[in-house]
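Asks: give me a 3D structure for the following:
(4 chains)
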There are 2 protein chains.
Amino acid sequence: MSEQSLTKRQKEVLAFICDHIESVGFPPTRNELSKHFGFRSPNAAESHLRALQHKGVIRIEAGRSRGITLTALSHSSLPSSGALRMPLPLVGRVAAGSPVLAQENIEHEYRVDPLLFSARPDYLLRVEGHSMRDAGIFDGDLLAVHRTPEASNGQIVVARLDDEVTVKRFERKGHQVTLLPENPQFQPIQIDLRRQELVIEGLGVGVIRPRLES
Amino acid sequence: MSEQSLTKRQKEVLAFICDHIESVGFPPTRNELSKHFGFRSPNAAESHLRALQHKGVIRIEAGRSRGITLTALSHSSLPSSGALRMPLPLVGRVAAGSPVLAQENIEHEYRVDPLLFSARPDYLLRVEGHSMRDAGIFDGDLLAVHRTPEASNGQIVVARLDDEVTVKRFERKGHQVTLLPENPQFQPIQIDLRRQELVIEGLGVGVIRPRLES
DNA sequence: CTTGATACTGTATATATTTACAGTATATGA
DNA sequence: TCATATACTGTAAATATATACAGTATCAAG
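Replies: Sure thing, here's the model as predicted:
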């Protein structure tokens, strides 16, 4: 459903679940949750789990003991989470001035078959905003990005302009570059390369939408 | 304890446990082990676990469901641990009358981290047509589908109607089901469950777009 | 040749775990 | 003011799960 933020209590519960998986090796049961938080009823834990599932940060597998799994959202919902996978780093908000793949920007790492995409992706970038809506790139989508400093007209690029990272369609005529949104509610960005610096961080080679809104 | 080498069968069991933890997110039960290996008795799994514990490659926590944890030894006991992951079948055009996951419909298999999506995907379905355009699901996109016969109003479903498989938004009022496109150029499909058969093949839980058009 | 490990079938049971149902109370947005 | 989300207590039941006990059969080692 909607991507609401977690309450303080829900964050505590989610943190405990993450911690349990990390340190114990498997997810906690309702009783173990209740014991840790002092609930006198396993249903208190159940309710919290339902709420967390509803907000998309965990998944519950019906009928399976300890059937709690974390989702992509769960990691971005907590201040600190340990990364223990290899392949594709997921980059969220890029801190001003820092390289895209700086440690501080990496939220998580996912294994995704690179053959899925038209070009080999180097990282996943969480898209913010609706400026590329008509290209089917929505707020919260993960853009698979291939690192390269060169772009051709019409390609969707990850560009850095004034320490801000943005996703737009690339159009260049001589010294003049236009970064085109795919949404009439947004204005194109004009850059004169003689006056302003534009860095191409990479090309969008695919999109992953981690959830479908209802 | 005794640090002997594992038998071939024991290696298979250990590999499955590792793989299960990696891909599912928690260890398997005795029954799940038995089902995978074709044991008719959960005690076969139990015996293997005891043997593996005795050889020091796993630890079993008494009385806790799924209480299997790996040890430092477990990794060195397997040739290629960690890298494996259950691949997702990619289903292209579904032949009329055949099950979605019939061999003839499977084009390829991709390894995709299931944690990327809000619910566990069981397969990827290549979407044809533009009827879901405004939901950001384009022609050629891969819909990550979670198999389930039940759907709630507003969810995006994979439905089978008259041997045709289609992706639409689900809306039900009593006997009346409406399959809603997300594109004003298409008409909603009305089904009277008393007159027509509708099978829900699964729920859309995410989208992968393998390429970006320029 | 006997012992122990391996690799299972088959049955049974205690208990661990999920999960529904029925409440209470507070806060918040429409 | 009504509906909804949060945050719980308390009870109960269905079922998922661990695990004991009783076997069968093969194989290698002492």
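Asks: how far does stretch A:21-41 sit from its chain's centre?
Replies: 27 Å (CA atoms, centre = their mean, to the nearest Å).
Asks: average pLDDT for it?
Replies: Stretch A:21-41 shows an average pLDDT of 90 in the prediction.
Asks: then that stretch to CSV, C-alphas only?
Replies: Coordinates of each C-alpha in stretch A:21-41 appear next as CSV, following Å, rounded to 0.1, in the frame of the first residue of the first chain:
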residue,chain,number,x,y,z
ILE,A,21,18.5,-13.0,11.9
GLU,A,22,22.0,-11.6,12.0
SER,A,23,23.1,-13.0,15.3
VAL,A,24,20.9,-16.1,15.8
GLY,A,25,20.8,-17.2,12.2
PHE,A,26,17.0,-17.3,11.7
PRO,A,27,14.0,-15.1,12.4
PRO,A,28,12.3,-15.0,15.8
THR,A,29,8.9,-16.5,16.6
ARG,A,30,6.0,-14.6,18.0
ASN,A,31,6.7,-15.9,21.4
GLU,A,32,10.4,-14.9,21.2
LEU,A,33,9.4,-11.4,20.1
SER,A,34,6.9,-11.2,23.0
LYS,A,35,9.4,-12.4,25.5
HIS,A,36,11.9,-9.8,24.3
PHE,A,37,9.5,-6.9,24.4
GLY,A,38,7.6,-8.1,27.5
PHE,A,39,4.3,-8.7,25.6
ARG,A,40,2.0,-10.9,27.6
SER,A,41,0.3,-12.0,24.4
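Asks: quick one: residues in contact with stretch A:24-41.
Replies: Contact with stretch A:24-41 is made by A:12-13, A:16-17, A:20-21, A:42-46, A:48-49, A:65-69, B:21, B:25-27, B:65-70, as judged by CB atoms under 8 Å, 6 or more residues apart in numbering or on different chains. C-betas here are computed from N, CA, C, even on glycine.
Asks: which parts of it are buried?
Replies: Neighbour counts over stretch A:24-41 (16 or more other CB atoms under 10 Å in any protein chain shown) mark A:Gly25, A:Phe26, A:Pro27, A:Pro28, A:Thr29, A:Arg30, A:Glu32, A:Leu33, A:Ser34, A:Phe39 as buried.
Asks: could you check how far the fifth one is from DNA strand C?
Replies: Yep, that's A:Thr29 we're talking about. Distance, A:Thr29 to DNA strand C, by CB to the nearest atom of the strand, to the nearest Å: 3 Å.
Asks: I'd say A:Leu203 and A:Val157 touch.
Replies: Yes - counting by CB atoms under 8 Å, A:Val157 is a contact partner of A:Leu203 at 5.9 Å.
Asks: so who does the spatially most central residue of chain A touch?
Replies: The residue lying closest to the centre of chain A (CA atoms, centre = their mean) is A:Arg126, at 3.9 Å. Contacts of A:Arg126 were listed using CB under 8 Å, 6+ apart, and they are A:Ser76, A:Leu90, A:Val91, A:Gly92, A:Arg93, A:Glu107, A:Gly140, A:Asp141, A:Leu142, A:Leu143.
Asks: ok, now how distant is the fourth one from A:Tyr123?
Replies: Spelled out, it's A:Gly92. Distance, A:Gly92 to A:Tyr123, by CB to CB, to the nearest Å: 11 Å.
Asks: which one of those two has more residues nearby?
Replies: A count of neighbours by other CB atoms under 10 Å in any protein chain shown puts A:Tyr123 above the other of A:Gly92 and A:Tyr123, at 24 against 17.
Asks: so what's the closest residue to the more buried one other than its chain neighbours bridging to?
Replies: Distance criterion CB to CB, 6 or more residues apart in numbering or on different chains; nearest residue to A:Tyr123, sequence neighbours excluded, is A:Pro89 at 4.9 Å. Bridge pairing for A:Pro89 (DSSP bridges) gives the partners A:Glu109.
Asks: quick revisit: helices - which of the contacts of stretch A:24-41 land there?
Replies: A:12-13, A:16-17, A:20-21, A:42-46, A:48-49, B:21 (DSSP state H).
Asks: tell me which of those residues is nearest to A:Arg211?
Replies: A:Leu49 (17.6 Å; CB to CB).
Asks: wait, what's in contact with the closest one?
Replies: A:Leu49 neighbours (CB under 8 Å, 6+ apart): A:Val13, A:Arg30, A:Leu33, A:Ile58, A:Ile60, A:Ile68.
Asks: cool, and A:Arg172?
Replies: Neighbours of A:Arg172 in contact, by CB under 8 Å, 6+ apart: A:Ala151, A:Asn153, A:Thr178.
Asks: repeat the analysis, applying 10 Å as the threshold.
Replies: The contact partners of A:Arg172, by CB atoms under 10 Å, 6 or more residues apart in numbering or on different chains, come to A:Ala151, A:Ser152, A:Asn153, A:Thr178, A:Leu179, A:Ile191, A:Leu193, A:Leu198.
Asks: how about A:Ile137?
Replies: Counted by CB under 10 Å, 6+ apart, A:Ile137 has contacts A:127, A:129-131, A:143, A:156, A:167, A:182-183, A:204, A:207, A:209, B:136, B:209, B:212.
Asks: how close does it sit to DNA strand C?
Replies: In terms of CB to the nearest atom of the strand, A:Ile137 sits 28 Å off from DNA strand C.
Asks: repeat for A:Cys18
Replies: Taking CB to the nearest atom of the strand, one finds A:Cys18 at 16 Å from DNA strand C.
Asks: cool, and A:Thr69?
Replies: 12 Å.
Asks: repeat that for A:Phe39.
Replies: Counting by CB to the nearest atom of the strand, the separation of A:Phe39 from DNA strand C is 11 Å.
Asks: equivalent analysis for A:Thr7, please.
Replies: From A:Thr7 to DNA strand C the distance is 10 Å (CB to the nearest atom of the strand).
Asks: what strands line up against the helix or strand encompassing A:Lys168, and which way round?
Replies: For A:Lys168, the host element (DSSP states H and E) is strand A:164-173. Strand A:164-173 sits in its sheet next to strand A:156-161 (antiparallel), strand A:176-180 (antiparallel), going by DSSP bridges.
Asks: make a markdown table out of the ones you listed and add mean neighbour count, distance to DNA strand C and mean pLDDT.
Replies: A markdown table is the format used below for the strands paired with strand A:164-173 (neighbours: other CB atoms under 10 Å in any protein chain shown; distance: least, CB to the nearest atom of the strand, whole Å; pLDDT from 0 to 100):
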| stretch | mean neighbour count | distance to DNA strand C | mean pLDDT |
| --- | --- | --- | --- |
| strand A:156-161 | 22 | 35 | 93 |
| strand A:176-180 | 18 | 34 | 95 |
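Asks: those: which one's closest to B:Thr7?
Replies: Short answer: strand A:156-161, nearest of the strands paired with strand A:164-173 by CB to CB, at 50.7 Å.
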